[in-house]
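Asker: This is a predicted model, with the sequence first.
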Amino acid sequence: MIPVIALVGRPNVGKSTLFNRLTRSRDALVANFPGLTRDRQYGDAVLEGRRFMLIDTGGITGDEEGIDEAMAQQSLLAIDEADAVVLLLDAKAGLMAADHGLIDHLRGCSKPVFYVANKIDGTDPNIAMAEFYQTGAKQIYPLTATHGKGVRQLVGDVLDLF
Ligand code: GDP
Ligand code: MG
């Protein structure tokens with residue numbers, strides 16, 4: 001079984017940066033996964049010989065009316081399709097209202113959820129991590145998606161579940 005991992009989070013937190021880094025935009029194998037729709041972006045990836053499938057919940061610019069609902073809707077669909085969920089938070093921006101909406105939803109979700117403090121390069125890591133731990137998350141993964149720092153730790157732990 002190839003695990004399917006959904007990347008969720010509000011716009012601009014770095015989901016696509018992480019997606020592109022891991023998949024190198026390869027999506028040739030998407031056709032082999034019946035049931036996945038094309039509304040979201042799918043890519044297959046390999047980490048240390050372990051294959052997995054990623055879902056990027058992109059396509060929302062932040063300009064739409066009802067942005068929270070649109071984001072939530074996309075995220076819900078991706079979460080439904082996934083075996084595990086990676087929630088990205090923006091360490092540079094800190095916690096925002098839309099983050100709380102997603103966090104609340106994920107609390108009621110039966111799937112494993114990994115909390116990530118992305119853009120940790122752009123801020124004081126201790127302050128950002130302390131703020132994010134206030135969400136009640138047991139573990140937060142510091143990440144710099146643009147440079148790949150923290151990616152192996154995060155994805156390795158996700159894949160260890162499968
Ligand atoms: P998305 O909307 O969640 O898909 O976010 P993107 O992947 O498009 O990234 C939004 C912006 O954040 C881009 O300008 C990225 O270059 C930037 N970004 C992403 N990851 C990092 C990071 O780890 N550090 C910093 N400083 N910027 C980042
Ligand atoms: Mg994106």
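Answerer: Yes, it's here. Numbering: from 1, shown residues only. Ligands and ions are numbered 1, 2, ... in the order given.

Asker: nearest spatial neighbour of residue 117, skipping sequence neighbours?
Answerer: residue 91 (4.4 Å; C-beta to C-beta, 6 or more residues apart in numbering). Quick note: C-beta positions are derived from backbone N, CA and C, even for glycine.

Asker: quick one: the one you found and residue 116, what's the gap?
Answerer: Per C-beta to C-beta, to the nearest Å, residue 91 is found 9 Å from residue 116.

Asker: shared neighbours of those two, anything?
Answerer: Overlap of the contact sets of residue 91 and residue 116 (by C-beta atoms under 8 Å, 6 or more residues apart in numbering) consists of residue 142.

Asker: what ranges of this structure fall below the confidence cut-off?
Answerer: For the chain, applying pLDDT under 70 flags the ranges 25-40, 58-72.

Asker: That one against ligand 1: which residues are in contact?
Answerer: Contact residues, the chain versus ligand 1 (C-beta under 6 Å from any ligand atom): 9, 11-17, 58, 118-119, 121-122, 144-146.

Asker: In helices only, show me the residues you listed.
Answerer: 15-17 (DSSP state H).

Asker: now these in CSV, with neighbour count and distance to ligand 2?
Answerer: Below are these laid out as CSV (neighbours: other C-beta atoms under 10 Å; distance: C-beta to the ion, whole Å):
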residue, neighbour count, distance to ligand 2
15, 26, 5
16, 18, 3
17, 20, 8
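
Asker: wait, isn't residue 21 in contact with residue 145?
Answerer: Yes: if you go by C-beta atoms under 8 Å, residue 21 and residue 145 touch, sitting 6.3 Å apart.

Asker: tell me, how many neighbours does residue 83 end up with?
Answerer: If you count neighbours by other C-beta atoms under 10 Å, residue 83 ends up with 17.

Asker: Residue 7 falls within a strand, correct?
Answerer: Yes: read with DSSP: H, G, I helix; E, B strand; the rest coil, residue 7 is one of the residues of a strand.

Asker: That one - nearest residue in space that isn't next to it in sequence?
Answerer: Spatial nearest neighbour of residue 7, excluding adjacent residues (C-beta to C-beta, 6+ apart): residue 15 at 4.4 Å.

Asker: How about residue 125?
Answerer: In space, and not counting its chain neighbours, residue 125 is closest to residue 142: 6.0 Å by C-beta to C-beta, 6+ apart.

Asker: Which phi and psi values does that neighbour adopt?
Answerer: phi -70, psi 140 (degrees, to the nearest 10).

Asker: show me the contacts for it.
Answerer: Residue 142 makes contact with 91, 116-117, 120, 125, 129, 150, according to C-beta under 8 Å, 6+ apart.
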